[in-house]
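In: what's the 3D shape of this:
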Amino acid sequence: MGLEYEETLTYAQFLVEVEVDVVYVSEHEWGGKKLVRSLLVSEYDYCFRVPCFPTRVIKDVLAFEVDKISSLARLTADDKTSVVHGLVDHLMNQRETWSKQRWVPLLVRVEKIIMLPPVDMETMLEEAKEEKLHKAITFKIIEMVDRSLEKSDDLLMNTIRDAILEFGLTQFPDFYVESLVRWVKSSNYFPPRVSELRLHPNHKCFTVLGPDMDLFGTCCICQEDFFLGGEATITSPCSHVFHTRCIEDWIQRSQKCPLCRLQLS
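Out: Model prediction:
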């Protein structure tokens, strides 16, 4: 793609985490001045590994991975090339710091700006304001709701109404409160006391190292890879491997291994 470097070491691998900030922007004139408004809608994390082969291969792999990031799907060819070239340039300029390592973690931040008409921006700002308020209400509910309230719909509903009132909302539809009641009853934030289970000491928890990433492959619960520095657990007695957070959540619902259905110790 126009850049030439020496071949790099063939045994190293880069662990790349991409954070994409999607920013919507609108501009309009008011009183002779240009007004600019912006809204950060999402931050998207995406991880992949790149073998440290000759530069041309690295570029091809990076270009392929960029195509798989949904929030970057509409990048122009020039923008995509810029992202890939920028990353390869950085890797090669820092070669002395990683050439003797086997696993090299790397964080890449990409900001994608989308221009909108002012009327569309106004709609998005209102929707974002409502979503922010809803999140604040749900966090307040988490603080206020006690597990013992699960058995009484009336007490639970009154507590949720009190949480909403704290934000100055005096009028809200009953279906909104009812939806929050259903959320509380189905959410893992409010597990019944009888399901407060913990992993048995026989299960081995450990930090994922470089060789483990290829050895363990994918967690069958979340269908995601094991990445460098993450926490994993080997279950007993079947010796299957899962993300620690995944198997901890799993045992709240079942005491059987999600892979082989063997009773966990």
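
In: which ones are touching the closest residue to residue 172 other than its chain neighbours?
Out: Spatially, and ignoring its direct neighbours in sequence, residue 172 is nearest to residue 164 (5.9 Å; CB to CB, 6 or more residues apart in numbering). Yep, even glycine has a C-beta here, placed from its N, CA and C like the rest. By CB atoms under 8 Å, 6 or more residues apart in numbering, the residues touching residue 164 are 137, 172, 177.

In: which of the residues in whatever helix or strand residue 50 lives in are buried?
Out: Residue 50 belongs to strand 33-51 when assigned by DSSP states H and E. Under the neighbour-count criterion of 16 or more other CB atoms under 10 Å, strand 33-51 has 39, 46, 48-50 buried.

In: Narrow the contacts of residue 164 to those that are buried.
Out: 137, 177.

In: Let me know the pLDDT of the residue sitting nearest the centre point of the chain.
Out: Nearest to the mean C-alpha position of the chain, by CA atoms, centre = their mean, lies residue 45 at 5.3 Å. You'll see residue 45 listed with a pLDDT of 76.

In: how near is it to residue 21?
Out: If you measure residue 45 against residue 21 using CB to CB, to the nearest Å, the figure is 11 Å.

In: that older thread, surely the residue nearest to residue 172 is within a helix?
Out: Yes - if the criterion is DSSP: H, G, I helix; E, B strand; the rest coil, then residue 164 is within a helix.

In: Please report the distance of it from residue 144.
Out: In terms of CB to CB, residue 164 sits 10 Å off from residue 144.

In: do residue 180 as well
Out: Relative to residue 144, residue 180 is positioned 11 Å away (CB to CB).

In: So which of those two has more stuff around it?
Out: The residue with more neighbours, out of residue 180 and residue 144, is residue 180; 24 against 13, by other CB atoms under 10 Å.

In: Can you tell me the SS state at the more buried one?
Out: Put simply, residue 180 is helix when judged by three-state DSSP.

In: any idea of the pLDDT on the nearest residue to it once chain neighbours are set aside?
Out: Closest residue to residue 180 apart from its sequence neighbours, by CB to CB, 6+ apart: residue 160 at 5.0 Å. At residue 160, the model reports a pLDDT of 89.

In: Show me how far the helix or strand encompassing residue 160 is from its chain's centre.
Out: Residue 160 belongs to helix 153-165 when assigned by DSSP H and E. Centre-to-centre, helix 153-165 and its host chain are 31 Å apart (CA atoms, centre = their mean, to the nearest Å).

In: Then stretch 208-225?
Out: When C-alpha coordinates are averaged (CA atoms, centre = their mean), stretch 208-225 and its chain have centres 17 Å apart.

In: buried sites along that stretch?
Out: For stretch 208-225, a neighbour-count test (16+ other CB under 10 Å) marks 208, 210, 212-213, 216, 219, 225 as buried.

In: roughly how far apart are the residue nearest to residue 172 and residue 27?
Out: 36 Å.

In: For the stretch 151-265 of the chain, just list every one of the strands.
Out: In the stretch 151-265 of the chain, strands defined by DSSP state E, counting those that start in this stretch lie at 204-207, 231-234, 241-243, listed in chain order.

In: Look at residue 237 and report its pLDDT.
Out: Model confidence at residue 237 (pLDDT) stands at 87.

In: Tell me if I'm right that it and residue 257 touch.
Out: No - the criterion here is CB atoms under 8 Å, and residue 237 misses it with residue 257 at 9.2 Å.

In: Give me the mean pLDDT for whichever helix or strand comes after the strand holding residue 50.
Out: Later in the chain than strand 33-51, the nearest helix or strand by DSSP H and E is helix 55-67. What helix 55-67 shows for mean pLDDT is 80.

In: so what's the closest residue to residue 222 other than its chain neighbours up against?
Out: The spatial neighbour of residue 222 that comes closest, neighbours along the chain excluded (CB to CB, 6+ apart), is residue 246 at 5.2 Å. Applying CB under 8 Å, 6+ apart, we find residue 246 in contact with 219, 221-222.
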